[in-house]
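J.: Quick one, what's the 3D model for this:
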Amino acid sequence: MIGRLAGGVRLWFSPRRMASQGTTPDYRYSLANERTFLAWLRTALALVAGGLAVEQFLTGLDRPLRVGIALFLLLGAVVCALRAVNHWARCELAMRRGEDLPVTRLPAWLAVGTTVAALVVGVAIGLGWSR
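T.: Got it, this is the predicted structure:
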């Protein structure tokens with residue numbers, strides 16, 4: 001498992017190794033894969049901004065709750081960014097090898113995490129969990 005993970009991470013930083021796999025796919029598909037990757041990075045940046053905003057601007061909430069929500073959003077950003085590059089590499093390899101594109105559960109988990117964070121903030125504000 002560790003070896004497979006290390007091999008995947010090495011592939012992220014090795015364009016020559018990626019290029020040596022299979023044949024070069026149609027550039028339109030590679031660029032579409034890259035645009036999807038960039039969209040996931042924008043989502044990660046939005047989660048970072050959300051975490052910082054919760055910590056800085058929801059000062060009426062109790063500090064432990066505020067920090068917990070902010071850390072939850074920041075953790076979501078880390079997962080989203082790492083998963084984005086992993087999914088980009090897996091899709092690029094699949095296209096080069098003529099395989100089916102890999103599926104991911106990340107959109108579902110991201111939706112669940114965002115919903116949980118929104119519900120916790122909404123309940124906290126609604127119930128007046130503040131100083």
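J.: part of a helix, is Ala111?
T.: Yes. Secondary structure assignment places Ala111 in a helix (DSSP: H, G, I helix; E, B strand; the rest coil).
J.: Nearest to the spatial middle of the chain, which residue is it?
T.: With distances taken as Cα atoms, centre = their mean, the chain has Cys80 as the residue nearest its mean C-alpha position (1.0 Å).
J.: Over to that residue. Which of the three states is it?
T.: Cys80 falls in the helix class when you classify it by three-state DSSP.
J.: Now do the same for it: its pLDDT.
T.: At Cys80 the predicted local confidence, pLDDT, stands at 94.
J.: repeat for Leu110
T.: In this prediction, Leu110 has a pLDDT value of 88.
J.: My guess is it contacts Gly76. True?
T.: Yes. Taking contacts as Cβ atoms under 8 Å, Leu110 lies within contact range of Gly76: 6.9 Å. C-betas here are computed from N, CA, C, even on glycine.
J.: Those two: who's more crowded?
T.: Between Leu110 and Gly76, Gly76 has the larger neighbour count (other Cβ atoms under 10 Å), namely 23 against 18.
J.: sorry, back to before: would you mind measuring from the residue nearest to the centre of the chain to Phe37?
T.: As for Cys80, its distance to Phe37 is 11 Å (criterion: Cβ to Cβ, to the nearest Å).
J.: Check Ala111 too.
T.: When Ala111 is compared with Phe37 (using Cβ to Cβ), they lie 19 Å apart.
J.: With adjacent residues omitted, what lies nearest to Val85?
T.: Taking Cβ to Cβ, 6 or more residues apart in numbering as the measure, Val85 lies nearest to Trp12, with 5.4 Å between them; neighbours along the chain are not counted.
J.: List the residues that contact the one you found.
T.: Taking Cβ atoms under 8 Å, 6 or more residues apart in numbering as the criterion, Trp12 is in contact with 85-86, 89.
J.: Arg90 now?
T.: Contact partners of Arg90, counting by Cβ under 8 Å, 6+ apart, are Pro102.
J.: Where does it sit, in terms of helix or strand?
T.: Under the assignment given by DSSP states H and E, the secondary-structure element containing Arg90 is helix 63-97.
J.: All set now, cheers.
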